[in-house]
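[1] Show me how the following folds:
(2 chains)
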Protein chains: 2
Amino acid sequence: MPRYKVTLSYDGSNYGGWQKQMNTHSIQEEIERTLERIVKEPVSIHASGRTDAGVHALAQVFHFDSNKNLSNENWKRALNSLLPKDIRIQQVETVSDTFHARFDAAGKRYDYLISEDVLNPFYERYMAKDRAHLDVAYMQECANVFIGTHDFTSFTSSKLDPRKPRIKTIHRLEVRKEKHAVRLIFEGNGFLRYMVRMISQTLIEAGKHKLTKEDIMQMLEAKDKHVCRYKADAQGLYLVKVNYKNQEE
Amino acid sequence: MPRYKVTLSYDGSNYGGWQKQMNTHSIQEEIERTLERIVKEPVSIHASGRTDAGVHALAQVFHFDSNKNLSNENWKRALNSLLPKDIRIQQVETVSDTFHARFDAAGKRYDYLISEDVLNPFYERYMAKDRAHLDVAYMQECANVFIGTHDFTSFTSSKLDPRKPRIKTIHRLEVRKEKHAVRLIFEGNGFLRYMVRMISQTLIEAGKHKLTKEDIMQMLEAKDKHVCRYKADAQGLYLVKVNYKNQEE
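    Okay, the predicted model is just below:
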């Protein structure tokens, strides 16, 4: 059965996250229901990973299988005509039937946006807000602590399955002052649950001089799931890119 | 009783417009209810004018009267702490009790935003979208037709009260190509119902070469409420500024 790789953007504001679950409206469910309307039978989709409630994506990736004879362009058109406007399919590609959106993901980029303009109602769903002026140079100094390969137990959900490996590599963690926001850019081979949001809020606290670089080094070295009390709000987080092996960049 | 002038921004996405009405959630209602919570008695507010469902404001203005003894800064703080986050008070000023937000308004600026990026889910509530490439230079040429003092009967709601004067002056109508949008800037002494959206869609049609400058001149000269079938979507429209007499700019 032909396999398709789909790249999509979504505004996560109106969803309880990517993953299908009881009592909440999910992006996965919305897409599976739409595919079912097109192919007239149930279809399962497999994403590169979940995103939490309120988190956005510029280029999430999922795959699905179907015998329905549609060109890539017509899959895209059919999906976009039936999906809600806050979910937009960017690209549909035919891939080998061994491709897997999650297992083949070699790396990801997440961006986290923070605004100092607390009175701007248009940032409400799209940026974290902080009234304090953030010391961006010091945030970058602290961000450098996380670059490299580390056990990130201190910066993930305390409910994470204890058998799951906690060692991840962050290749890039950049703190950038932009016109309307401070942008944190995370690139790595993979991220644990809440890891980007917990590191982001830790860096925000450092930007307000409520944490030092030494505090942060100790937190990371502690490898203790109770040591970090910080987690930045979901609406500032964007899944920007998923990289796959053998992918030309 | 002291009178206050309030300047506020709102994301109009979740509201049925400014004005209180049956069966819909309005911005006016939200603010009046919040003021009632603060002063413990009903308060009426008076805006510079209505905005329709889905229309946004960067700086709408209203006034209200109250004997409650609060500083301007504390009014602002109290309102922002109780209002939903998509309505943000920017400024509260004490004004003379002869000030009237609507009758004293000497002019307004509205901006209309159009994006060619139809696959961007983040523009959904904030810009009109058009797949066509817009000829911005020709749009400006057509926009110049509207500058000056005209009877705008052709570019307003056909249900407008026939006794209402239709003669308005547009001082500025600029068509600007920006990075993510085409922006139309309207400045004038006042705008009739739907006038900005009807002119905007007329200019979009011109930008797609579906209307000529001559067509538009004829439409304006016709002074016929049935001649313009175009009305741009609400979500691209922003009330940017209300000017008052004796105001330093």
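
[2] domains in chain A, as residue ranges please.
    A:3-95, A:107-244 (automatic domain parsing).

[3] got these as a markdown table, with distance to B:Val175 columns?
    Just so you know, the C-beta spots here come from the backbone N, C-alpha and C atoms, and that holds for glycine as well. Listed next are the domains of chain A as a markdown table, based on distance: least, CB to CB, whole Å:
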| stretch | distance to B:Val175 |
| --- | --- |
| domain A:3-95 | 26 |
| domain A:107-244 | 23 |
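
[4] And A:Ala206, which helix or strand is it part of?
    helix A:195-207 (DSSP states H and E).

[5] Please name every helix or strand in contact with whichever helix or strand comes after that helix.
    Sequence-wise, the next helix or strand downstream of helix A:195-207 (DSSP H and E) is helix A:213-222. If contacts are counted by 3 or more CB pairs under 8 Å, 6 or more residues apart in numbering or on different chains; DSSP states H and E, helix A:213-222 sits against helix A:136-143, helix A:195-207.

[6] Now the last one: buried residues?
    If you call a residue buried by 16 or more other CB atoms under 10 Å in any protein chain shown, then helix A:195-207 has these buried ones: A:195-207.

[7] A:Arg27 touches A:Asp11, doesn't it?
    You called it Arg, but residue A:27 is Ile. No. Using CB atoms under 8 Å as the test, A:Ile27 is too far from A:Asp11 to be in contact (9.9 Å).

[8] what about the two, which has more around it?
    Taking other CB atoms under 10 Å in any protein chain shown, A:Ile27 and A:Asp11 do not tie; A:Ile27 has more neighbours (30 against 24).

[9] Give me every residue in chain A lying close to chain B.
    Contact residues (CB under 8 Å from any CB of the partner chain) of chain A with chain B: A:9-11, A:56, A:80, A:85-90, A:119-122, A:124, A:126.

[10] now, which of these lie within strands?
    Counting by DSSP state E, the part of the residues of chain A next to chain B found in strands is A:Ser9, A:Tyr10, A:His56, A:Ile87, A:Arg88, A:Ile89, A:Gln90.

[11] export the residues you listed to TSV and tack on pLDDT and neighbour count?
    Shown next, in TSV, are these (pLDDT from 0 to 100; neighbours: other CB atoms under 10 Å in any protein chain shown):
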residue	pLDDT	neighbour count
A:Ser9	98	20
A:Tyr10	98	26
A:His56	98	26
A:Ile87	98	22
A:Arg88	98	22
A:Ile89	98	20
A:Gln90	98	16
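
[12] farthest pair in the residues you listed?
    The most widely separated members of those, counting by CB to CB, are A:His56 and A:Ile89 (15.4 Å).

[13] Identify the residues contacting the helix holding A:Ala206?
    With CB atoms under 8 Å, 6 or more residues apart in numbering or on different chains as the test, helix A:195-207 has contacts from A:110, A:112, A:114, A:128, A:130, A:132, A:134-136, A:138-139, A:142-143, A:146, A:152, A:155-156, A:168, A:173, A:175, A:182, A:184, A:186, A:211-213, A:216, A:219, A:228, A:230-234, A:236-237.

[14] if I read this right, A:Thr7 contacts A:Val61, doesn't it?
    Yes. Counting by CB under 8 Å, A:Val61 is a contact partner of A:Thr7 at 5.5 Å.

[15] Name the residue in the two with the higher neighbour count.
    A:Val61 (26 against 20).

[16] Spit out the contact partners of that one.
    Residues in contact with A:Val61, defined by CB under 8 Å, 6+ apart, are A:Lys5, A:Val6, A:Thr7, A:Leu8, A:Ala47, A:Ser48, A:Ala101, A:Ala105, A:Val242, A:Tyr244.

[17] Against chain B, how distant is the second one?
    When CB to the nearest CB, to the nearest Å is the yardstick, A:Val6 and chain B sit 13 Å from each other.

[18] ok, now how distant is the residue of chain A positioned farthest from its centre from chain B?
    Residue distances from the centre of chain A (CA atoms, centre = their mean) peak at A:Asn69, which lies 31.7 Å from the mean C-alpha position. Going from A:Asn69 to chain B by CB to the nearest CB gives 24 Å.

[19] How about A:Leu160?
    30 Å.

[20] Please give the number of neighbouring residues around A:Gly49.
    A:Gly49 - counted by other CB under 10 Å - has 18 other residues nearby.

[21] how about the strands of chain A, start to end?
    Counting by DSSP E, the strands of chain A are A:3-10, A:46-47, A:56-65, A:87-95, A:105-115, A:128-129, A:148-151, A:167-177, A:182-188, A:237-244.

[22] can you put those in a markdown table and add distance to A:Ile38?
    Shown next, in a markdown table, are the strands of chain A (distance: least, CB to CB, whole Å):
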| stretch | distance to A:Ile38 |
| --- | --- |
| strand A:3-10 | 12 |
| strand A:46-47 | 18 |
| strand A:56-65 | 11 |
| strand A:87-95 | 12 |
| strand A:105-115 | 26 |
| strand A:128-129 | 37 |
| strand A:148-151 | 43 |
| strand A:167-177 | 37 |
| strand A:182-188 | 34 |
| strand A:237-244 | 24 |
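
[23] C-alpha coordinates for stretch A:37-53, PDB please?
    What follows is stretch A:37-53, C-alpha atoms only, in PDB (Å, rounded to 0.1, in the frame of the first residue of the first chain):
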ATOM      1  CA  ARG A  37     -14.100  11.300   4.600                       C
ATOM      2  CA  ILE A  38     -11.800  11.200   1.500                       C
ATOM      3  CA  VAL A  39     -11.000   7.400   1.400                       C
ATOM      4  CA  LYS A  40     -14.200   6.200   3.000                       C
ATOM      5  CA  GLU A  41     -12.500   3.900   5.500                       C
ATOM      6  CA  PRO A  42     -10.600   4.400   8.800                       C
ATOM      7  CA  VAL A  43      -7.000   5.700   8.400                       C
ATOM      8  CA  SER A  44      -4.400   5.900  11.100                       C
ATOM      9  CA  ILE A  45      -1.700   8.600  11.000                       C
ATOM     10  CA  HIS A  46       1.700   8.600  12.700                       C
ATOM     11  CA  ALA A  47       3.400  11.800  13.600                       C
ATOM     12  CA  SER A  48       7.000  12.700  14.300                       C
ATOM     13  CA  GLY A  49       5.900  13.200  17.900                       C
ATOM     14  CA  ARG A  50       3.100  14.800  20.000                       C
ATOM     15  CA  THR A  51       2.700  18.400  20.700                       C
ATOM     16  CA  ASP A  52       0.900  19.600  23.800                       C
ATOM     17  CA  ALA A  53      -2.300  21.600  24.100                       C
END
